[in-house]
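Student: based on what follows, work out the 3D shape:
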Amino acid sequence: MENVPLTRIHVPEGALGRIHEATLAMANRIPVSEWLADATCPALGFHYPICVRQMQRHYEVVSGFRSFQVIRAALEPGDEVAVHRVSGSEVELVRTALFHLVLDSLMHCPDSYDARERVYRQLSELARALRKEFEIRLPREYASRNLKRIMGITHRKLRHKRSRRSELERLVERD
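Tutor: Next comes the predicted model:
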């Protein structure tokens, strides 16, 4: 781990940026100041590390998006943050970030059925966007059918059968 000034860490663009947006959409809306003190930020960074990749003049977050947002809200811009520097291809980094997002979503899955369904919809929209825009697919373990089963979303809206009308009824209706 190395310490990097918070001002040198940026939010990524492209596929990783989409994952970052999805992470924020699923995050808790309680203000950070209510539950996190400045002194506990290093412990958060140790247990939920922020992984970055070195760019030319700055660093980009590639995983640990929730930790990064929490620490950024809690600390001042000049403060230093402990980060892990990683390298790899764009596809590998995106798959790792997806793994962390799905893992966090499953580990902290809400109890209410509606909330789980909302998280599932956000994950499936993200998967569709990544597949469509960047040609990156989720691994089979996180395919939509498996995510539904894991998250306990088994309820299907039942469709009522269309009532079939006889030819006589249709003729009578026209007149």
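Student: can you point me to the longest helix in the chain?
Tutor: Counting by DSSP state H, the longest helix found in the chain is helix 113-134.
Student: list the contacts of it.
Tutor: 14-15, 18-19, 22, 25-26, 94, 98, 101-102, 105, 109-110, 136-138, 142, 144, 147-148, 151-153, 155 (Cβ atoms under 8 Å, 6 or more residues apart in numbering). All C-beta spots, glycine's among them, are computed from the backbone N, C-alpha and C.
Student: let me see the mean pLDDT of the helix or strand just after it.
Tutor: Next helix or strand after helix 113-134 toward the C-terminus (DSSP states H and E): helix 144-151. In this model, helix 144-151 has a mean pLDDT of 81.
Student: how about stretch 21-34?
Tutor: On average, stretch 21-34 scores 74.
Student: likewise for stretch 83-90?
Tutor: 90.
Student: picking up where we left off before, now do the longest helix of the chain against helix 144-151, angle only.
Tutor: If you take axes from the mean of the first three to the mean of the last three Cα atoms, to 10 degrees, helix 113-134 sits at 150 degrees to helix 144-151.
Student: dump helix 113-134 to CSV, restricted to CA.
Tutor: Extracted C-alpha coordinates of helix 113-134, given in CSV (Å, rounded to 0.1, in the frame of the first residue of the first chain):
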residue,chain,number,x,y,z
TYR,A,113,-38.2,-7.8,-1.9
ASP,A,114,-38.6,-4.4,-3.7
ALA,A,115,-35.1,-3.3,-2.7
ARG,A,116,-33.6,-6.6,-4.0
GLU,A,117,-35.5,-6.2,-7.2
ARG,A,118,-34.2,-2.7,-7.6
VAL,A,119,-30.6,-3.8,-7.1
TYR,A,120,-31.1,-6.6,-9.6
ARG,A,121,-32.6,-4.2,-12.2
GLN,A,122,-29.6,-1.9,-11.8
LEU,A,123,-27.1,-4.7,-12.1
SER,A,124,-28.9,-6.0,-15.2
GLU,A,125,-29.0,-2.5,-16.8
LEU,A,126,-25.3,-2.2,-16.1
ALA,A,127,-24.5,-5.6,-17.7
ARG,A,128,-26.6,-4.6,-20.8
ALA,A,129,-24.8,-1.2,-21.1
LEU,A,130,-21.3,-2.8,-20.7
ARG,A,131,-22.2,-5.5,-23.3
LYS,A,132,-23.7,-3.0,-25.7
GLU,A,133,-21.2,-0.1,-25.5
PHE,A,134,-17.9,-1.8,-24.6
